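# Okay, predicted coordinates and the sequence, questions at the end:
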Amino acid sequence: MLYPKNSAKTLDKGLFENPTCEYRGTPFWSWNCKLDKRLLTTQIEYLKEMGLGGFHMHSRTGMATDYLSDEFMDMVKMCVEKAERENMLAWLYDEDRWPSGAAGGLVTKNPKYRARKLVFTPEKTAAQSDKATALETGEAYLVACYDITLNENGELAKYRQIGVDDSAAGDKWYAYSATNATNPWYNNQTYADTLNKEAIDKFIEITYESYKKAVGDKFGKSVPAIFTDEPQFDRKTTLNFAADKKTVTLPWTGDVDVTFADAYGCDLIASLPELFWELPDGRVSRVRYLYHDHIAERFARAFADNCGKWCGENNLMLTGHMMEEPTLKSQTAALGDAMRSYRAFQLPGIDMLCDWKEFTTAKQAQSAAHQYGREGVLSELYGVTNWDFDFRGHKFQGDWQAALGVTVRVQHLSWVSMAGEAKRDYPASISYQSPWYKEYSYVENHFARVNTALTRGTPVVRVGVIHPVESYWLHWGPKENTNIIREQLDHNFQNLTQWLLFGQIDFDFICEALFPDLCPAGANPLQVGEMAYDVILVPGCETLRKTTLDRLAAFRKNGGKLVFVGNCPKYLDAVLSDEPAVLYNSSEQTSFDKAGVLAALQSQKLLEIRNADGTLTDNLIYNMRRDGDCEWLFLAHGVKTMHVDVVSPQSIIIKIKGKHAPVLYDTISGAISPAAYTIEDGCTIVRAELHCHDSLLLKLEPETSSHSVARETPPKREIVLDGFGQKT
């Protein structure tokens with residue numbers, strides 16, 4: 001349990017004023033030189049001076065101590081002991097650099113554990129004829145050969161599997177299973193086969209078991225979690241033009257055809273061309289859809305489920321983040337779907353470098369954390385922002401992520417050394433090398449105080465949104481045939497997320513693959529794991545799973561508010577069906593635009609925020625949690641002000657459903673005071689002024705009076721963060 005103090009009935013005033021280590025940031029502490037105990041001990045003290053609550057011991061380019069050696073593990077043990085003495089937390093990292101899975105090449109020294117891909121090509125190449133031998137030696141082998149004829153639209157007119165020496169009436173294409181060349185990044189090995197449980201078992205044996213041997217007695221105590229970084233499979237690619245004679249690749253592993261047949265009862269190899277070209281007459285390929293589903297499941301089971309199970313059995317949390325989560329395209333290419341792997345994370349996480357704002361990425365992780373009842377969400381943030389990224393940037397980026405559920409901030413990076421290449425490793429260094437490091441507690445105290453509140457209680461979310469990634473899979477074909485519709489699906493995905501968040505309608509995504517286990521039967525409200533939703537949106541999905549349709553139908557039958565946004569789904573499990581239309585016609589429908597979506601959900605809004613001129617705000621997002629008989633409301637900017645040196649306050653009116661007595665928790669000073677409010681028509685009205693780097697934390701206590709109340713509150717001092725943290 002990361003936050004044991006949250007079991008207290010109420011938030012202790014002293015804890016809010018001076019939060020303890022678990023609520024504080026824990027940066028990637030970049031081990032990028034020859035490690036020295038005296039140097040590491042001193043730097044831990046610097047990190048504590050900065051207000052940080054711990055550190056991730058992160059093997060990085062330049063480290064001159066052998067990874068996982070006795071000397072390396074001795075350093076780990078020493079740092080854990082130092083963390084205990086300093087009342088800090090020591091977080092583990094499971095790889096030599098990234099992505100996780102190869103253990104710095106120690107796993108993939110054995111060729112059978114190397115990542116594989118399906119190479120689909122018009123060129124005949126040399127390959128091992130015996131598959132079993134090729135899998136042991138890491139060599140390429142022939143999967144199948146095809147005779148393919150396209151029509152004038154670049155669609156599959158006909159195809160058939162043929163022998164390698166047979167002649168073809170159309171174009172002859174070959175499918176090989178191959179591994180990538182060795183690479184210095186993996187210490188002259190390759191990445192691991194993350195679709196193969198046996199390979200990840202070896203990864204766990206080499207890495208996780210080594211940490212257990214060294215500091216396993218500290219698991220769940222001063223060592224709360226192990227960070228896994230960017231696990232993925234070999235990227236999926238597509239043809240640009242259907243008639244191109246170029247090589248394309250898809251993720252693969254030795255027995256994928258066998259497990260595919262076991263899962264779906266059909267032959268993947270016989271239908272392989274459907275993964276690369278469109279079918280004629282607007283038809284979609286069920287085999288293509290099932291392939292994407294199967295690869296996503298193989299990946300989640302082999303990697304995240306495997307690592308998460310080990311962590312659960314060893315009193316450790318699996319945390320970290322996946323690869324390329326933000327768009328339907330990116331997660332299809334690298335993961336299949338991002339949310340499926342989160343089921344195994346005791347602390348799901350995201351990656352938010354370059355000062356990006358990926359609301360979909362954060363929402364997916366937060367949704368899984370909500371549904372699985374996890375304590376919070378982790379974010380690796382601030383990296384790749386250079387030396388001029390000041391405290392204003394730290395606060396803005398941290399605030400909007402806190403509003404979307406992030407409770408553990410992993411600052412990227414805190415360098416051990418600035419020697420050689422290290423000084424160019426995604427600066428700035430969030431450590432003693434930066435002139436503002438002694439002032440950093442100003443930022444860190446703010447977020448720690450936010451976390452003392454936003455880790456308490458349970459989330460208040462009433463809207464669920466069916467995740468549309470499986471409809472995207474239907475169109476993973478040549479760009480000339482599919483790019484327009486794929487762009488539209490991704491555009492809709494991003495737009496809907498922002499319309500809801502900035503329209504003050506909080507929501508959770510529902511992953512169709514996870515839905516059956518989280519929701520054994522449909523009802524009203526719709527219980528999905530730890531969450532219960534009063535409204536479900538189906539956002540322009542072309543296909544739904546039968547398991548999804550059945551639960552939505554039961555939800556609707558019991559009076560649940562079901563809203564289809566845009567067109568009616570045509571398919572069930574990628575097969576044409578009239579069943580979705582029956583449910584569609586008995587439910588609410590709205591157009592796929594901002595006005596239509598927000599109008600359909602107006603009755604579900606828990607709060608509304610308007611500007612002084614009466615217009616709805618379009619730059620603020622919120623996080624609300626139920627804590628006993630109270631609620632916590634955190635309000636933050638989600639749109640970055642372009643001219644941050646021009647101080648221009650925004651006057652807002654917050655209208656909250658129900659009668660509450662709001663109390664202001666000032667996260668900058670630690671002060672607690674009553675907030676001014678009135679009660680109008682059964683709602684609580686709070687007026688505030690926000691500057692461009694302000695956020696607002698209110699505790700909504702029960703209102704006991706029977707009439708409108710206006711309470712005085714001390715004036716809220718404007719927060720000005722000038723340059724590198726000078727406070728005025």
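Now that the structure is in, tell me what you want to look at.
# how much space between Thr547 and Ser167?
45 Å (Cβ to Cβ, to the nearest Å). (Each C-beta comes from the backbone N, C-alpha and C, glycine too.)
# which one of those two has more residues nearby?
Shown here are Thr547 and Ser167; by other Cβ atoms under 10 Å, Thr547 has more neighbours (17 against 8).
# tell me the contacts of the more buried one?
Neighbour list for Thr547: Glu512, Phe515, Pro516 [criterion: Cβ atoms under 8 Å, 6 or more residues apart in numbering].
# likewise Gly53?
Neighbour list for Gly53: Thr20, Cys21, Glu22, Tyr23, Arg24, Gly25, Thr26, Met88, Leu89, Ala448 [criterion: Cβ under 8 Å, 6+ apart].
# Mind doing that once more with 7 Å?
If you count contacts by Cβ atoms under 7 Å, 6 or more residues apart in numbering, Gly53 has them with Cys21, Glu22, Tyr23, Arg24, Gly25, Thr26, Met88, Leu89.
# Those: which two are farthest apart?
Using Cβ to Cβ, these reach their maximum pairwise distance at Tyr23 and Met88, which is 12.1 Å.
# Including secondary structure, neighbour count and distance to Glu324, could the contacts of Gly53 go into JSON lines?
Listed next are the contacts of Gly53 as JSON lines, based on DSSP: H, G, I helix; E, B strand; the rest coil; neighbours: other Cβ atoms under 10 Å; distance: Cβ to Cβ, whole Å:
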{"residue": "Cys21", "secondary structure": "helix", "neighbour count": "19", "distance to Glu324": "32"}
{"residue": "Glu22", "secondary structure": "helix", "neighbour count": "25", "distance to Glu324": "30"}
{"residue": "Tyr23", "secondary structure": "helix", "neighbour count": "27", "distance to Glu324": "30"}
{"residue": "Arg24", "secondary structure": "coil", "neighbour count": "24", "distance to Glu324": "29"}
{"residue": "Gly25", "secondary structure": "coil", "neighbour count": "29", "distance to Glu324": "25"}
{"residue": "Thr26", "secondary structure": "coil", "neighbour count": "26", "distance to Glu324": "24"}
{"residue": "Met88", "secondary structure": "coil", "neighbour count": "25", "distance to Glu324": "32"}
{"residue": "Leu89", "secondary structure": "strand", "neighbour count": "26", "distance to Glu324": "29"}
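# Closest to Glu689 out of these?
Tyr23 (27.3 Å).
# Would you enumerate the residues in contact with that closest one?
Gly53, Ala448, Asn451, Thr452.
# again, only this time at 10 Å
Tyr23 sits next to 2-3, 5-6, 15-16, 53, 376, 407-408, 444-445, 447-455 when contact means Cβ atoms under 10 Å, 6 or more residues apart in numbering.
# What of Ala90?
With contacts defined as Cβ under 10 Å, 6+ apart, Ala90 is in contact with 26, 29, 44, 54-57, 76-77, 79-84, 215, 218, 221-225.
# Need phi/psi at it.
Per-residue torsions, Ala90: phi -110, psi 110 (degrees, to the nearest 10).
# and if you look at Asp645?
According to degrees, to the nearest 10, Asp645 has phi -90, psi 0.
# Next: Leu549.
phi -60, psi -40.
# Among the contacts of Thr547, name the buried ones.
Glu512, Phe515 (16 or more other Cβ atoms under 10 Å).
# Adding secondary structure and distance to Ala402, write the contacts of Thr547 out as a markdown table.
Converted to a markdown table, the contacts of Thr547 look like this (DSSP: H, G, I helix; E, B strand; the rest coil; distance: Cβ to Cβ, whole Å):
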| residue | secondary structure | distance to Ala402 |
| --- | --- | --- |
| Glu512 | coil | 29 |
| Phe515 | helix | 28 |
| Pro516 | helix | 32 |
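# I figured Ala64 was touching Ala422, is that so?
No. Using Cβ atoms under 10 Å, Ala64 is not in contact with Ala422, being 11.2 Å away.
# Can you tell me the element Phe493 falls in?
Using DSSP states H and E, Phe493 sits within helix 479-502.
# which is the next helix or strand following that helix?
Counting by DSSP H and E, what follows helix 479-502 is strand 507-510.
# Tell me the helices and strands packed up against that next one.
Contacting strand 507-510 under the criterion 3 or more Cβ pairs under 10 Å, 6 or more residues apart in numbering; DSSP states H and E are the following elements: helix 338-342, helix 359-371, strand 463-466, helix 479-502, strand 526-528, strand 531-533, strand 535-539, helix 546-557.
# could the ones you listed go into a markdown table alongside mean pLDDT and distance to Phe241?
Shown next, in a markdown table, are the helices and strands packed on strand 507-510 (pLDDT from 0 to 100; distance: least, Cβ to Cβ, whole Å):
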| stretch | mean pLDDT | distance to Phe241 |
| --- | --- | --- |
| helix 338-342 | 98 | 29 |
| helix 359-371 | 98 | 30 |
| strand 463-466 | 98 | 33 |
| helix 479-502 | 98 | 5 |
| strand 526-528 | 98 | 42 |
| strand 531-533 | 98 | 43 |
| strand 535-539 | 98 | 30 |
| helix 546-557 | 98 | 35 |
